[in-house]
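A.B. asks: sequence unknown, structure follows:
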Ligand SMILES: Nc1nc2c(ncn2[C@@H]2O[C@H](COP(=O)(O)OP(=O)(O)O)[C@@H](O)[C@H]2O)c(=O)[nH]1
Ligand SMILES: [Mg+2]
Ligand SMILES: [Zn+2]
Ligand SMILES: [Zn+2]
């Protein structure tokens, strides 16, 4: 079997990504959709145990010193091959999304961003490409806010992502998960992921600190180094 | 729109609910009652989310006999929901919150002051524009949520999950929410409010157990309870003011 859909779910820590995927995976099983799931994190994660217990092929990748988004993109081809070999037609990837400047979304994947209702009105603006380039935005923890707050948050998200569909979700009770699954199902299958491209370039990097430098000060800094401008102090 | 229909799902044990469907029309008021944990909030929430067999109950909700094409548009166009939340979470000022909600609901007729005026009639702890939304007390938050529903939303369907708690003025709050042209569902333990509704939905073990009409003799009980409420409020006012009875 070959994977014909990849769902990449990103969002900050503890916004409810794993909770949503649990509901999605359970619903897929009852429908006979074969899924595999992957979790990418930096140092450690307990999500592997959660996904391992759901009876679908699951794998965890820890990026260690590298940006988790760079790490995911470097391993995407291998992940898709692994999922296909494990008999999956659909690959779900949960990524920590810690580096807001990066987004690992590719042109052919279904890019999903989870935004927590409780994280505040300004939070969506800080998310960068993972939100602005998303096909689907999950508004999570809707049980924690009033209808008015939910509507305001959805409106603000719409302002920065005009085309993505916003789906309100309650990861505890599972409200919204069916709709999310229906939308994943409605998206076109891909014949393959060879020569797929990133939607958004990754930041230009590699300074001294990326390769292990610990000393502070300009004389130790090489490579691509940006300095703060003090022209417009507040 | 004219009516909504709730099509039966299953109870907590997976058994079919004891009704086929309930049709509810604009202009009607329903009280939803039953023991704690009997599924009252779930029923209200199912209606708010316009579920299509995609909640734990497996119910479906139709608007004028059909499934809404765009659920979220239908929700914000037709429904105002007062949930059980006692606090706001958003980190903005009250004035900015009301302004934002007026804007996203496309309400150009009401003003921030109208909402605050009603909120401050419902609660005695004054809410002002520059207060932080998430720093409001339970009573202030509930009062503002109710005022928001009454003034900003102006939706034909009003869903209320208990208003009796948080020390707010029940009569002022209800006056703002009840409207002869709307469909109102109210979850309540208060017999006075239950009898204000001409119909009541009785919940048990996650399922709708019965839908009953208010009888003529119950109407007399309603008058008694209304008089009692007035009397209790008077006594409360005096005691609070430090008077002896
Ligand atoms: N109240 C509420 N809690 C949630 C919801 N979704 C997740 N949580 C809780 O939030 C915490 C983090 O959720 P998790 O799915 O692990 O977040 P992740 O780090 O984004 O994968 C857990 O304690 C969940 O039980 C939700 O919709 N409502
Ligand atoms: Mg997780
Ligand atoms: Zn990065
Ligand atoms: Zn670096």
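C.D. replies: Ah, there it is. Predicted, not measured: the structure shown is a model, and the values here were computed from it. Ligands and ions are numbered 1, 2, ... in the order given.

A.B. asks: please count neighbours and contacts with C-alpha atoms only from this point.
C.D. replies: Fine.

A.B. asks: check whether stretch B:28-40 comes near chain A.
C.D. replies: No: using C-alpha under 8 Å from any C-alpha of the partner chain, stretch B:28-40 never reaches chain A; the gap is at least 13.4 Å.

A.B. asks: ok, which stretches of chain B are helices?
C.D. replies: Assigned by DSSP state H, chain B shows helices spanning B:40-48, B:71-78, B:94-104, B:112-122, B:138-147, B:170-177, B:191-196, B:216-240.

A.B. asks: need the winner for burial among those.
C.D. replies: Of the helices of chain B, the one with the most neighbours on average (mean count of other C-alpha atoms under 10 Å in any protein chain shown) is helix B:138-147, at a mean of 24.

A.B. asks: run the chain-centre distance for that one.
C.D. replies: 12 Å (C-alpha atoms, centre = their mean, to the nearest Å).

A.B. asks: contacts for it?
C.D. replies: The contact list for helix B:138-147, computed with C-alpha atoms under 8 Å, 6 or more residues apart in numbering or on different chains, reads A:146, B:82, B:86-88, B:115-116, B:118-120, B:122-123, B:125-127, B:133, B:163, B:166-168, B:173, B:176-177.

A.B. asks: and if you look at stretch B:159-176?
C.D. replies: B:41, B:44, B:48, B:79-84, B:118, B:121-124, B:138-139, B:142-143, B:146-147, B:150, B:184-190.

A.B. asks: can you pull up the most central residue in chain B?
C.D. replies: Geometric centre of chain B, nearest residue: residue B:160, 1.1 Å, by C-alpha atoms, centre = their mean.

A.B. asks: who does it form a beta bridge with?
C.D. replies: Note on residue B:160: beta-bridge partners residue B:82, residue B:186, judged by DSSP bridges.

A.B. asks: now do the strands in chain A.
C.D. replies: Counting by DSSP state E, chain A has these strands, from start to end: A:5-10, A:35-41, A:58-62, A:90-95, A:110-116, A:136-140, A:165-168.

A.B. asks: now render the ones you listed as JSON lines, adding mean neighbour count and distance to chain B.
C.D. replies: Below are the strands of chain A laid out as JSON lines (neighbours: other C-alpha atoms under 10 Å in any protein chain shown; distance: least, C-alpha to the nearest C-alpha, whole Å):
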{"stretch": "strand A:5-10", "mean neighbour count": "24", "distance to chain B": "21"}
{"stretch": "strand A:35-41", "mean neighbour count": "24", "distance to chain B": "20"}
{"stretch": "strand A:58-62", "mean neighbour count": "20", "distance to chain B": "26"}
{"stretch": "strand A:90-95", "mean neighbour count": "24", "distance to chain B": "21"}
{"stretch": "strand A:110-116", "mean neighbour count": "25", "distance to chain B": "11"}
{"stretch": "strand A:136-140", "mean neighbour count": "26", "distance to chain B": "12"}
{"stretch": "strand A:165-168", "mean neighbour count": "21", "distance to chain B": "9"}
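
A.B. asks: could those strands go into a markdown table alongside distance to ligand 4?
C.D. replies: Shown next, in a markdown table, are those (distance: least, C-alpha to the ion, whole Å):
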| stretch | distance to ligand 4 |
| --- | --- |
| strand A:5-10 | 22 |
| strand A:35-41 | 19 |
| strand A:58-62 | 19 |
| strand A:90-95 | 21 |
| strand A:110-116 | 25 |
| strand A:136-140 | 30 |
| strand A:165-168 | 34 |
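
A.B. asks: now mean pLDDT too, for those, in JSON lines please.
C.D. replies: Listed next are the strands of chain A as JSON lines, based on pLDDT from 0 to 100:
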{"stretch": "strand A:5-10", "mean pLDDT": "95"}
{"stretch": "strand A:35-41", "mean pLDDT": "92"}
{"stretch": "strand A:58-62", "mean pLDDT": "91"}
{"stretch": "strand A:90-95", "mean pLDDT": "94"}
{"stretch": "strand A:110-116", "mean pLDDT": "95"}
{"stretch": "strand A:136-140", "mean pLDDT": "96"}
{"stretch": "strand A:165-168", "mean pLDDT": "93"}
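
A.B. asks: could you dump those into TSV and include distance to ligand 1?
C.D. replies: Shown next, in TSV, are those (distance: least, C-alpha to the nearest ligand atom, whole Å):
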stretch	distance to ligand 1
strand A:5-10	8
strand A:35-41	9
strand A:58-62	13
strand A:90-95	8
strand A:110-116	8
strand A:136-140	5
strand A:165-168	9
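
A.B. asks: where in the chain is pLDDT low?
C.D. replies: In the absence of a named chain, chain A is used. A:97-99, A:204-206, A:233 (pLDDT under 70).

A.B. asks: oops, I was thinking of chain B
C.D. replies: Ranges of chain B meeting pLDDT under 70: B:165-167.

A.B. asks: and the residue of chain A nearest chain B?
C.D. replies: residue A:120 (5.2 Å; C-alpha to the nearest C-alpha).

A.B. asks: got a list of what that residue touches?
C.D. replies: Taking C-alpha under 8 Å, 6+ apart, one finds B:89, B:90, B:91 in contact with residue A:120.

A.B. asks: and the residue of chain B closest to ligand 1?
C.D. replies: residue B:85 (11.4 Å; C-alpha to the nearest ligand atom).
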